Structures are given as C-alpha cells and as structure tokens.
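Participant: Structural data only, the sequence is not supplied:
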Ligand SMILES: C[S@@+](CC[C@H](N)C(=O)[O-])C[C@H]1O[C@@H](n2cnc3c(N)ncnc32)[C@H](O)[C@@H]1O
C-alpha cells in the first residue's frame, strides 16, 4: 500500500505511547445540569486529553467527528507536542500557518495530526466510525495517513459538502465551494449507516388509483435489460391484450412468480386494463429511508454563512464571533448516519461546540475537547443554553428539543507518573485503579473501584494493592506489597475467575507459591506505564 513520508514522521508514529497520562480535574462551577448525564467538556490539548480519557472510554465511542485546523496558511495553530527529535525540537512551540510560504507547515501539520488520529482510533467501537472535515489544502495528505492508521479497507467514502452557495468574487483562479468529509469505519465489514429519512418529495410519487387497501404504491418497470429466454413469455391483460417484453429485454420475474404477483393484485395494466403491465411497489413495503449519498448540497446540510448566523443568534453579540463554526444541519446529518440515541459521540477539535450541542439535542452522549479559551467563553454558555432549553436556533425545532441533561467541565490535572517514573502522590486509588484495569485489559473499568478487587475480565480477577501513608510514601504495612497476610485477605473473586492478577509495588511470595495459588503478580509502576 502506498504510504506518505514527511519530515518528522519517524518521530511521531509512536508518539501517542509517550504522551503522559494525566488526571482529569472536574470543575463543578463550570459544569451545568445533571452531572451524571454522561457528557463531558475538557479544556486542554487534545493529545493529552485523549490520553487521559482513554482508560475510561477506549472502545466505547460510536461516532467521532473532527474539524481540525485546515492549514490554509491564513490561520494559526500551535505545534508544541514535545517530540524529542532534532527537526521537531527546531519547530517546537512555534505558531504555524501564518506565512503561506512556510513549506514545512505541511510537515508540521502531519506531525500534529498523526498521533491524535492514532489515539482517536483507540476510542472507536467495533461498529464505530470517524468523520473528518478538511479542505483541499490537506485533504489528500490526510487521506493517505488515514489509510495508514485506520486501514485502507476501512475507508468508506469522501463526502463532498457544498459549504458555500455562491462563488466568492475575490478568487483569482477557482472559487472553492466545497469541503471534504473523510469517513472511515473501525471495521468496514460490520459498519452500517443509518438510512436517511425519506423526503416528502420522494413519497409524493406514490398514489393509489385503484384504492388498494395496502395504501399508496408506485408503478415500476416489469422488464429488464438482461435477456433470458425463460423470462420471455406472454402476459395477457384483464382486457385480453397479450404483451411480450420490449425487444432484447425480458420480464423481471419468472412466469410462476408473475402468476403469484397477479393473483395478489400487484400488477397494474392501467385504469382500463389495456396498458403494458407494471409492478406495484407499495410505500408501506419500501425501506423507510434511503442510502446516504456522497454529495451533500447546502439545502440539506447547511453552509458556512448559515453556521455563523447560528452562532451570532445564539450569543446575540455578547461574545466575539467564533470564526469557523460548522452548521448544525451538517452535524445532524453526520450524527444521524453515524450513531443512535444514547451512543457516545466525540469531537476533539470542538471549536464553538457544534458537535456537542447537536449530539445533545439528538439524545446522544457526548465528549468534546477544546484547547482554546472559547471552551469557556463559547462552549460552556452554548451547552448551558441547550440544556436550559433556551437555544431556539439550529436544529432545535426540527428535532423538537425542549432542554434537559447536563455536562461536566474538566481540565487536565497532574500527570499519573512523576518525572522519576513513580506514581504521582496526588493520584487517588480510584484513578489508579481505572488506569491499572485499562493497562491489564485494554478496556475501561466497568465501575468505580472502591477496594482491592477492582474488576473481572475474561476469566481474570484484577486486584490493586495501593495505599500510602500521610506523606504520600508507599507503606508496606498499609498494603502496597503482596505478602502472605495480604494474599489471605484478598476478597474472593467470581467463580469463573481462573487467575488472580495482583498489581502491587512489591511481592514477598515465591514464584512457586504464586503459581500454587493461581496468582500473577504485576509490578507497579513499571507494568502500567505504557499504553
Ligand atoms: C475549525 S475549529 C472547529 C470548529 C467546530 N467544528 C465548530 O463547529 O465550532 C478547530 C478547533 O480546534 C481547536 N484546536 C486546534 N488544535 C487543538 C488541540 N491540539 N487540542 C484541542 N483543540 C485544538 C482550535 O482551537 C479550534 O477551536
């Protein structure tokens, strides 16, 4: 498979593993409504925020939508991921993009995107999908790295969205009217889109001229192009007129099937019974939706000017206008096709919070990450209005949104490990347990851990021994070391647990004793440091 190379690639392909795990700090004052509603807004760099969320949400997200900086040369974005390679050290902390002639900005953009996409993949459910907005500046490079990360076989489609309804006069060569939305599934073998609701226009062509009790129907051709001798037979109408398929065509059904259809009043010869036969297709029997198409016109998917006006109305001039919002209609379509009520939707470049607001109104749970201060100045008040039922714009009326729910607002806290690689003294048992469970199983912890038995997974009972004295120093007597007394005290695992895996800072038991007891000892912090 062709792959893309760029300056700095080697340094970032595995960078997601080196990103430190940080704790999440929830701020009650900025949170709003029901904190248990399952919605989250995290302010912080998405690389670290994603890593912090991974132990809780790996494999849980049904639909990811991201709208990263497009790298147009007119926008600024920051690349400062602390990747320790000479090329990248030379760029570190630099604001990228302002000067269009800076050729390396394409390398930097790819370095920024690669580890983030790599982490995002870990969040997808097996039947999940990721949708990425982009324009021609980076669309083709993005396609290649997505093929590499998500698998070429999992590419579904490149949607062309008509973001503007009219050409701009200041363009000197071409006026670009569209964005791309790249869609990848976690596994194309199992991913299925939700169908698009049938439009009134599509249904208008169904009628009921013979008052059929099965309701309106549409007449479809009874002949096909593919010729077959056995499907070329006489059909006699109720008025006694004999019909054969048109030249070089055959009927669409066998003679036997035709008789069944005729007896069931599913063949139409016109009002007078003299016209060529047609098959009746009943509205009640067609799929109650249509397969999505790859070209999205602004009439049904919104446009950029509309998106800005939605934001303007939402804030009534109180906030500085957010420059690059997406229209709610666009997100409605993506979230409709890609998820179902109560599914989890994730956006790690949240901007003004369109994804979260639309997901909320559509009854999905949502996680948004935004680095900029507009997390506080735009997303928080926007969500508050949605929850309070005060946002009357966007898709509110069409989905009959009345308000309700809530969200938690979080920032990034201390790293899980200190610079020496030891567990940070600020880390609580509950957070460490979530992290240990994730490292052991690759899955999020099913419920908050309160004691040493932190959960079960595929025949394993997983234990964590972790207690500290008041100075934050590991204290064997407080229970950080697996010894005979500790082992005797461990809570009983479930019956089907063949093995007990015990994470602790030390172990005084011999290998023979551990084997005999069916216990595997794992050392913290060393065996929980990687992803
Ligand atoms: C194009 S905007 C997204 C707009 C959004 N779709 C909306 O409808 O409002 C991109 C956003 O990504 C944010 N961003 C860029 N780099 C980021 C990073 N490393 N971590 C978190 N957010 C980031 C920017 O601050 C900006 O708000």
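Facilitator: Noted; the coordinates are in hand. Source: prediction; values computed, not measured.

Participant: Pull up the distance across stretch 451-466, start to finish.
Facilitator: Its first and final residues considered, stretch 451-466 spans 10 Å by CA to CA, to the nearest Å.

Participant: what sits up against it?
Facilitator: 423, 429, 432-433, 436-437, 440-441, 443, 445-447, 449, 479-482, 486, 490-491, 493-494, 496-505, 524 (CB atoms under 8 Å, 6 or more residues apart in numbering). Where C-beta positions appear, they are placed from N, C-alpha and C, glycine not excepted.

Participant: Among those, which ones are in strands?
Facilitator: The strands, defined by DSSP state E, take in 481, 482, 499, 500, 501, 502, 503, 504 from these.

Participant: Mind giving me the packing neighbours of the helix or strand of the chain with the lowest mean pLDDT?
Facilitator: Of all the helices and strands that make up the chain, strand 94-96 has the lowest average by mean pLDDT, DSSP states H and E, namely a mean of 74. When contacts are defined as 3 or more CB pairs under 8 Å, 6 or more residues apart in numbering; DSSP states H and E, strand 94-96 sits against strand 77-79, helix 105-123.

Participant: Could you tell me the least trusted of those?
Facilitator: Mean pLDDT values for the helices and strands packed on strand 94-96 show the minimum at strand 77-79, a mean of 84.

Participant: Find the centremost residue of the chain, please.
Facilitator: residue 64 (1.8 Å; CA atoms, centre = their mean).

Participant: Spell out the secondary structure type for that one.
Facilitator: strand (DSSP: H, G, I helix; E, B strand; the rest coil).

Participant: Surely it is in contact with residue 129?
Facilitator: Yes - in this structure, residue 64 is within contact of residue 129 by CB atoms under 8 Å, at 7.4 Å.

Participant: coming back round to it: the helices and strands packed on strand 94-96 into CSV, with extra columns for distance to residue 247?
Facilitator: Formatted as CSV, the helices and strands packed on strand 94-96 follow (distance: least, CB to CB, whole Å):
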stretch, distance to residue 247
strand 77-79, 63
helix 105-123, 55
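
Participant: And the ones you listed: which comes nearest the ligand?
Facilitator: strand 77-79 (5.3 Å; CB to the nearest ligand atom).

Participant: tell me what the helix or strand hosting residue 28 is packed against?
Facilitator: Element membership for residue 28 (DSSP states H and E) is strand 22-33. Judged by 3+ CB pairs under 8 Å, 6+ apart, the packing partners of strand 22-33 are helix 46-57, helix 380-388, strand 406-415.

Participant: Go again with 10 Å.
Facilitator: strand 40-43, helix 46-57, helix 380-388, strand 406-415, helix 429-441 (3 or more CB pairs under 10 Å, 6 or more residues apart in numbering; DSSP states H and E).

Participant: Quick check, residue 96 in contact with residue 81.
Facilitator: No - contact criterion CB atoms under 10 Å: residue 96 and residue 81 do not qualify, at 11.9 Å.

Participant: For the ligand, what's the nearest residue on the chain?
Facilitator: For the chain, CB to the nearest ligand atom, closest residue to the ligand: residue 351, 2.3 Å.

Participant: Next, format the ones in strands among the contacts of stretch 451-466 as a markdown table and append distance to the ligand, pLDDT and neighbour count.
Facilitator: Listed next are those as a markdown table, based on distance: CB to the nearest ligand atom, whole Å; pLDDT from 0 to 100; neighbours: other CB atoms under 10 Å:
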| residue | distance to the ligand | pLDDT | neighbour count |
| --- | --- | --- | --- |
| 481 | 40 | 90 | 18 |
| 482 | 40 | 93 | 25 |
| 499 | 40 | 94 | 13 |
| 500 | 40 | 96 | 20 |
| 501 | 35 | 96 | 20 |
| 502 | 37 | 96 | 23 |
| 503 | 31 | 95 | 27 |
| 504 | 36 | 93 | 22 |
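
Participant: And those residues, which two are furthest apart?
Facilitator: 481 and 499 (20.0 Å; CB to CB).

Participant: most tightly surrounded among the helices and strands packed on strand 94-96?
Facilitator: helix 105-123 (a mean of 22; mean count of other CB atoms under 10 Å).

Participant: re the thing from before, distance of the residue nearest to the centre of the chain relative to residue 394?
Facilitator: 21 Å (CB to CB, to the nearest Å).

Participant: if we can go back for a sec, now the buried members of the contacts of stretch 451-466.
Facilitator: With burial judged by 16 or more other CB atoms under 10 Å, the buried subset of these is 423, 429, 432-433, 436-437, 440-441, 445, 449, 479-482, 486, 490, 493, 497, 500-505, 524.

Participant: Could I get the phi/psi values of residue 262?
Facilitator: phi -60, psi -50 (degrees, to the nearest 10).

Participant: That one and residue 251 touch, don't they?
Facilitator: No - in this structure, residue 262 is not within contact of residue 251 by CB under 10 Å, at 11.9 Å.

Participant: And the strands in the stretch 201-350 of the chain?
Facilitator: 217-221, 223-224, 235-236, 242-243, 250-251, 267-268, 278-282, 295-296, 344-347 (DSSP state E, counting those that start in this stretch).

Participant: Give me the distance between the helix or strand following the last one and the centre of its chain.
Facilitator: Read in the C-terminal direction, the helix or strand following strand 344-347 is helix 354-361, with elements assigned using DSSP H and E. Per CA atoms, centre = their mean, to the nearest Å, the displacement of helix 354-361 from the mean C-alpha position of its chain is 13 Å.

Participant: Tell me which other helices or strands helix 354-361 touches.
Facilitator: Checking 3+ CB pairs under 10 Å, 6+ apart, helix 354-361 ends up next to strand 61-66, helix 304-315, helix 328-338, strand 344-347, strand 365-370, helix 380-388, strand 406-415.

Participant: Apply 8 Å and report the result again.
Facilitator: So helix 354-361, by 3+ CB pairs under 8 Å, 6+ apart, packs with helix 328-338, strand 344-347, strand 365-370, helix 380-388.

Participant: and the first one with helix 304-315, angle?
Facilitator: Direction vectors for helix 328-338 and helix 304-315, defined by axes from the mean of the first three to the mean of the last three CA atoms, to 10 degrees, enclose an angle of 100 degrees.

Participant: for the ligand, what are the nearby residues on the stretch 301-450 of the chain?
Facilitator: Counting by CB under 6 Å from any ligand atom, the stretch 301-450 of the chain comes close to the ligand at 322, 324, 325, 326, 349, 351, 352, 354, 369, 370, 371, 372.

Participant: Generate a PyMOL selection restricted to the buried entries among the residues you listed.
Facilitator: Only the buried entries of those go into this PyMOL selection, using 16+ other CB under 10 Å:
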select buried, resi 322+325+326+349+351+352+354+369+370+371+372
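
Participant: tell me how far the ends of stretch 11-23 are from each other?
Facilitator: First residue to last in stretch 11-23 (CA to CA) measures 25 Å.

Participant: Check stretch 362-382 too.
Facilitator: Per CA to CA, stretch 362-382 runs 15 Å from first to last residue.

Participant: Buried residues in that stretch, which are they?
Facilitator: Neighbour-count burial for stretch 362-382 [16+ other CB under 10 Å]: 362-372, 374-382.

Participant: repeat for stretch 271-282
Facilitator: 276, 277, 278, 279, 280.

Participant: For the residue nearest to the centre of the chain, list each beta-bridge partner.
Facilitator: residue 130, residue 346 (DSSP bridges).

Participant: and the nearest residue to residue 196 once chain neighbours are set aside, what does it touch?
Facilitator: Closest residue in space to residue 196, ignoring its immediate chain neighbours: residue 290 at 5.0 Å, by CB to CB, 6 or more residues apart in numbering. Taking CB under 8 Å, 6+ apart, we find residue 290 in contact with 195, 196, 198, 202.

Participant: if you average pLDDT over stretch 516-531, what comes out?
Facilitator: So the average pLDDT for stretch 516-531 ends up being 84.

Participant: Not counting its own residues, what contacts that stretch?
Facilitator: Taking CB under 8 Å, 6+ apart as the rule, stretch 516-531 contacts 16-17, 51, 54, 122, 417, 421-423, 432, 435-436, 439-440, 464, 466, 482, 487, 498-507, 509, 514.

Participant: what distance separates it from the middle of the whole chain?
Facilitator: Using CA atoms, centre = their mean, the offset of stretch 516-531 from its chain centre is 32 Å.
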